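> Kindly return the folded structure for what I paste below:
(2 chains)
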Amino acid sequence: MSAILVHAPGIFTTVQDLGREGFGPMGVSASGAADAVSLRIGNRLVGNPDGAAALEMTLLGGAFTFERAAVIAVTGADFGPSLDGVALPMWTSIEIREGGTVKFGASRSGARAYLCVRGGIAVEPFLGSASTHVLSGLGGFEGRALRKGDRVEVGAANSLFRKRSLSAKALESLGPRKVIRVTDGPHSDWFVESSWKTFCGNAFRVSEQSNRMGIRLEGPPISLDTSREMITEGVSLGAIQVTPSGQPIILFVEQQTTGGYPKIANVISADLHSLGQLRPRDEIRFERVEMSEARSLLIQQETLLASEEIIQE
Amino acid sequence: MRKSRTSETQFRAASDQSLLVYLGEEIAFENHQRVLKLLRLLQSEPIDCIRNLHPAYSSLLIKFDALSLDHDELQSRLIPYLGGLDREPLPAPRQIEIPVCYGAEFGPDLKDVAEMHGMTAAQVIELHSSPIYVVYFLGFAPGFGYLGGLPEALASARLETPRAKVPQGSVGIGGNQTGIYPFSTPGGWRLIGRTPVAMFRRDANPMSLLQIGDHVRFRAISEKEFTDLAGR
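Numbers count the residues shown, from 1 in each chain, chains lettered A, B, ... in the order given. Presented below is the predicted three-dimensional model:
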C-alpha cells in the first residue's frame, strides 16, 4: 500500500472524515472534519466519495512526502502550500510524482486546511469512521494527532484521474462567514430581550482555549434567568451554551453528547463549516434567523454542493 | 419557538436538525423509564431519517436529516411511538459490579469529601458502596455513565478548578451524581477512588461496560486487589 511520510506534523494534524453518527447512546460524539464543506469538495476534486478520510491541519501545516505517485487537492484555509518548493494552487487536483514533498506553512486566513488524496487516507475504522476523537484517543491514526516519522497509508483509488477544479463562483458562495446565523436554542426563553440584544448586537472574540470540542467566546456577558434549574440533556452540534459567567461556548464536532448549561441559540447547519475556520482572536457576530430560513439555506447549500457545475474539468 | 405538548411529552426544536423530546420535567425514575422505552423503540423500529439519539435524565435529543423532513414531520412520526410507551416492556436491568480502590492516590479528594460532610473516610466508602445505582445515560466521553442514586449525604460541589487530567478509571462525585472516567480526560468531579476495570474497550462487545438502564454497585477493594485486577 502506498503511504505518506510525515516529516513535520504541524501544530495539530489529524485524520478526519465526515464523522460517526448514531453512537450518542454510548456517549460517542460524531467528530469528523471541522470544515466538512472543504473536505467534501477536496474529495470530489480527487475523485473520492465525499466522505473519504483526509488530513486536517490546524493553524500551521506540516510537510509530507508521497512514497508513490498520487493525486491530491488542498482545500480549506490557505496555509501557503508548496510542492517541492514550488507554490501549489488550492481547490484543484494535482498530480504528485513519486517522492514528491508537499509542505504547508502558517495560516494566511482561516484555521484549517485539508490535504485530500485520491484513494483517501486508510486507517482502521472505529465505529464506522476514520475520524480521530482526540479526547478519548479513539479513531484516526492511533487515536492521536500525527507526529514526525508517522507513516500514513493511502487507500486504493478506483476511478480514473481527471483534472478537476472548483469554480470561482462556488468558492465564493461556500466560503466561511464571520456573521454566524443562528436559530433559537431550546432555552432561548431563559434569556430576556436585553440578553438577546447583547448576543446579537455585539462582536464576540474567539478565545485561545477553543478546540474541536468547543469554541469559547469572549464578549459582554449575557445574563440569564438563574432561578431556573437546568437538567442535563442531549446537546446538538453548534449549540451555543451560556456559562454562569455569561460567556458563550459553541459546542463543536468533538462535543460532549450531553450538557447542563442553558443554550440560547444554535448555529444553523449551513454555517457549521464556517466555525471550523475560526482562529483564536477572530471576531464573530450572530444573526438570528427563523427555522424555515435555516432549512432553506441548508437545502440551497446542499443543492450547490451536489451540482455538477461547481466542478470544472 | 416551537413548543407543544402531547400528554406529558413536550417537544422543542434544539437546532435546524434536531428535536428535543421531553418526557418529564424533573429527574425521576418514571421519566427515565419513558426515555429508555422511547430509545429502545426507536432502536428496534428505526425511523429512517433519524441520524442520532442522545438520551438523558428525562429527555431524548433526536438528530435527523433536515433535507428529508422538518420538526413537524418528525414530531408526527413520533406520535405512534409515544402512544405505545406505556405498553412497551423493559427487560430486567443488567447488574454490574465495579471494584473500586478508595482513597490514597486512587481517590485524592476522599479526605476532603469526608470533611465536607463531617464523616470519616470509611463512612464515605461505606455509604458510596452501599446503594444500587442506575445508569441514567452515557455522556461527556465515550462510556461515561451518569449514575443516579447517590446518597444525599454524599452530594458534593464540583471542584472550582477542574483537573486538566483525571486518571483513567477514576470514580468521582459531581453534585448529586457519581460516575467513572473511562479515559484520562479533564474533569471537575471530586475523585474518591479508582477502578482497575476498563470502562470502554474497542475490542469488547458492547464496547462500553455500562449501558443505559444498567444497575451498578461499587465494591471496595484493597490496593493489592487493584493491582491484581489491573494486571489481568
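> Leaving out chain neighbours, which residue sits closest to the spatially most central residue of chain A?
Nearest residue to the geometric centre of chain A (C-alpha atoms, centre = their mean): A:Ala34, 1.3 Å. Leaving aside its chain neighbours, A:Ala34 sits nearest to A:Gly276 (3.1 Å; criterion: C-beta to C-beta, 6 or more residues apart in numbering or on different chains). For glycine as for every other residue, the C-beta is placed from the backbone atoms N, C-alpha and C.
> isn't that neighbour right next to A:Gly32, touching?
No: in this structure A:Gly276 lies outside contact range of A:Gly32 using C-beta atoms under 8 Å: 10.0 Å.
> Quick check: neighbours shared by those two?
Shared contacts of A:Gly276 and A:Gly32 (C-beta atoms under 8 Å, 6 or more residues apart in numbering or on different chains): A:Val253.
> phi, psi of residue 82?
I went with chain A, as the question did not name one. The phi/psi pair for A:Ser82 (degrees, to the nearest 10) reads phi -140, psi 150.
> The intended chain is chain B.
Note on B:Leu82: backbone dihedrals following degrees, to the nearest 10 are phi -70, psi -30.
> B:Ile96 too?
Dihedral pair for B:Ile96: phi -120, psi 130, per degrees, to the nearest 10.
> Show the pLDDT at it.
pLDDT, B:Ile96: 97.
> Look up the residues forming beta bridges with it.
Beta-bridge pairing of B:Ile96 under DSSP bridges involves B:Val216.
> gap between it and B:Glu126?
20 Å (C-beta to C-beta, to the nearest Å).
> okay, the two: which has more neighbours?
Between B:Ile96 and B:Glu126, counting by other C-beta atoms under 10 Å in any protein chain shown, B:Ile96 is the more crowded of the two (17 against 13).
> residues touching that one, list them.
B:Ile96 is in contact with B:209-210, B:214-217, counting by C-beta under 8 Å, 6+ apart.
> which among those residues gets closest to A:Tyr261?
B:Leu210 (24.0 Å; C-beta to C-beta).
> what number of residues lie near that closest one?
For B:Leu210, using other C-beta under 10 Å, the count is 27.
> Bridge partners for the residue nearest in space to the middle of chain B, pull those for me.
Centroid-nearest residue in chain B, with C-alpha atoms, centre = their mean: B:Tyr146, separated by 2.4 Å. Applying DSSP bridges to B:Tyr146 gives these bridge partners: B:Phe137.
> ok, it to B:Gly172 distance?
11 Å.
> A:Ile240 too?
Note on A:Ile240: its distance to B:Gly172, by C-beta to C-beta, is 27 Å.
> does the residue nearest to the centre of chain A sit in a helix or strand, and which one?
Using DSSP states H and E, A:Ala34 maps to neither a helix nor a strand.
> same check, this time on the one 5 residues further on
For A:Leu39, the element it lies in under DSSP H and E is helix A:36-45.
> Let's see if you can find the most crowded of the contacts of B:Ile96.
Neighbour counts for the contacts of B:Ile96 peak at B:Leu210, which has 27 neighbours (criterion: other C-beta under 10 Å).
> The residue nearest to that residue when sequence neighbours are not counted and B:Asp48: what is the separation?
Spatial nearest neighbour of B:Leu210, chain neighbours left out: B:Gly145 (3.9 Å); criterion: C-beta to C-beta, 6+ apart. Here B:Gly145 is placed at a distance of 29 Å from B:Asp48 (C-beta to C-beta).
> Look at those two and report which has more neighbours.
Per other C-beta under 10 Å, whichever of B:Gly145 and B:Asp48 has more neighbours is B:Gly145, with 29 against 9.
> Test my guess that the more buried one contacts B:Ile180.
Yes: at 6.8 Å, B:Gly145 and B:Ile180 qualify as touching, with contact defined as C-beta under 8 Å.
> where do the contact lists of these two overlap?
Counting by C-beta under 8 Å, 6+ apart, the shared contacts of B:Gly145 and B:Ile180 are B:199, B:210.
> what residues are up against the residue of chain A most remote from its centre?
Relative to the mean C-alpha coordinate of chain A, counting by C-alpha atoms, centre = their mean, the farthest residue is A:Ser227 (36.1 Å). For A:Ser227, the contact set (C-beta under 8 Å, 6+ apart) is empty.
> Just to be sure, it is in a helix?
No: A:Ser227 is assigned coil when assessed by DSSP: H, G, I helix; E, B strand; the rest coil, not a helix.
> how about the helices in the stretch 51-200 of chain A?
A:168-174, A:193-201 (DSSP state H, counting those that start in this stretch).
> who's in contact with the residue of the stretch 101-250 of chain A found nearest chain B?
Using C-beta to the nearest C-beta, the closest approach of the stretch 101-250 of chain A to chain B is made by A:Gly234 at 2.7 Å. Neighbour list for A:Gly234: A:24, A:257-258, B:14, B:18, B:20, B:53-56, B:59-61, B:139 [criterion: C-beta under 8 Å, 6+ apart].
> how about a markdown table for those, with pLDDT and distance to A:Glu302 added?
Formatted as a markdown table, the contacts of A:Gly234 follow (pLDDT from 0 to 100; distance: C-beta to C-beta, whole Å):
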| residue | pLDDT | distance to A:Glu302 |
| --- | --- | --- |
| A:Gly24 | 95 | 23 |
| A:Thr257 | 93 | 25 |
| A:Thr258 | 92 | 28 |
| B:Ala14 | 98 | 20 |
| B:Ser18 | 98 | 17 |
| B:Leu20 | 98 | 24 |
| B:Leu53 | 97 | 23 |
| B:His54 | 97 | 23 |
| B:Pro55 | 97 | 28 |
| B:Ala56 | 95 | 30 |
| B:Ser59 | 97 | 29 |
| B:Leu60 | 98 | 26 |
| B:Leu61 | 98 | 22 |
| B:Gly139 | 91 | 29 |
